[in-house]
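1. sequence and predicted structure below; questions after.
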Amino acid sequence: DVKVTQSSRYLVKRTGEKVFLECVQDMDHENMFWYRQDPGLGLRLIYFSYDVKMKEKGDIPEGYSVSREKKERFSLILESASTNQTSMYLCASSSHRVNEKLFFGSGTQLSVL
Amino acid sequence: EDKVVQSPLSLVVHEGDTVTLNCSYEVTNFRSLLWYKQEKKAPTFLFMLTSSGIEKKSGRLSSILDKKELFSILNITATQTGDSAIYLCAVEQGNSGYALNFGKGTSLLVTP
């Protein structure tokens, strides 16, 4: 079974802190994604990566950065956390093959106080 | 602007009822439409639809795509309390770099 693992299930941080959200997949997938999920807004794409050291902005990249130094790991970084970044963060991965579905991690519920 | 719209946003039904969830889309370079079920954690894959008029079925769940009218439906027959979840519709575009464009989801509650 494909496994996408997010390092933390719940996280509480203070405004201004630097926050790292880690995601690891074990299926040798080329593509990895970070989404955030908010009530009434659905899933919105923050960043994605289709290869090591490659990254592309999604729909809402402001306030975030990412790192993909190894194929299996994709990190989301909040340089200076703000209260409006309180959200559920979902990592996902997929292969390059056409029509391949996304596999999701269990999510990290981040609260910024 | 590309968009994916799900309706209704929320729904409450009794066990045994049949429900139909809707997903309409307006995107360029459509490649596929996917349905996911999300309970308390990771969304889990249900169906991928690429061709019009071909029904995909898994147990009490089924789905179909209409590429002419640009929508898909997800049917659940004989609902059970375990069907309570958020159902997500997503569209893959050929020029999106493999990312999915999600609707806001339909929250389904099945009461005993």
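-> Structure's in. What do you need?
2. near chain B, which residues of chain A?
-> A:4, A:31, A:33, A:35, A:40-45, A:48, A:50, A:56, A:58, A:90, A:94, A:96, A:98-99, A:101-107 (C-beta under 8 Å from any C-beta of the partner chain). C-betas here are computed from N, CA, C, even on glycine.
3. quick one, which of these are buried?
-> A:4, A:31, A:33, A:35, A:42-45, A:48, A:50, A:56, A:58, A:90, A:94, A:101-105, A:107 (16 or more other C-beta atoms under 10 Å in any protein chain shown).
4. show me the residues you listed that map onto strands.
-> Residues of these located in strands (DSSP state E): A:4, A:31, A:33, A:35, A:42-45, A:48, A:56, A:90, A:94, A:103-104.
5. any chance of JSON lines for the residues you listed, columns pLDDT?
-> Shown next, in JSON lines, are these (pLDDT from 0 to 100):
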{"residue": "A:Val4", "pLDDT": "94"}
{"residue": "A:Asn31", "pLDDT": "91"}
{"residue": "A:Phe33", "pLDDT": "94"}
{"residue": "A:Tyr35", "pLDDT": "95"}
{"residue": "A:Gly42", "pLDDT": "88"}
{"residue": "A:Leu43", "pLDDT": "91"}
{"residue": "A:Arg44", "pLDDT": "93"}
{"residue": "A:Leu45", "pLDDT": "92"}
{"residue": "A:Phe48", "pLDDT": "93"}
{"residue": "A:Glu56", "pLDDT": "92"}
{"residue": "A:Leu90", "pLDDT": "96"}
{"residue": "A:Ser94", "pLDDT": "88"}
{"residue": "A:Phe103", "pLDDT": "90"}
{"residue": "A:Phe104", "pLDDT": "93"}
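6. okay, now the unreliable bits of the chain?
-> If you meant another chain, say so; for now it's chain A. A:1-2, A:97-99 (pLDDT under 70).
7. was after chain B, sorry
-> By pLDDT under 70, the low-scoring segments of chain B are B:1-2, B:95-98.
8. what residues does it have near chain A?
-> Residues of chain B lying near chain A (C-beta under 8 Å from any C-beta): B:31-32, B:34, B:36, B:41-45, B:48, B:50, B:88, B:90, B:92, B:97-105.
9. buried subset of these?
-> B:31-32, B:34, B:36, B:42-43, B:48, B:88, B:90, B:92, B:98-105.
10. give me the subset of the residues you listed lying in helices.
-> In helices, defined here by DSSP state H, there are no members of these.
11. next step: those residues restricted to strands.
-> B:Arg31, B:Ser32, B:Leu34, B:Tyr36, B:Met48, B:Leu88, B:Ala90, B:Glu92, B:Leu100, B:Asn101, B:Phe102.
12. perfect, that will be all.
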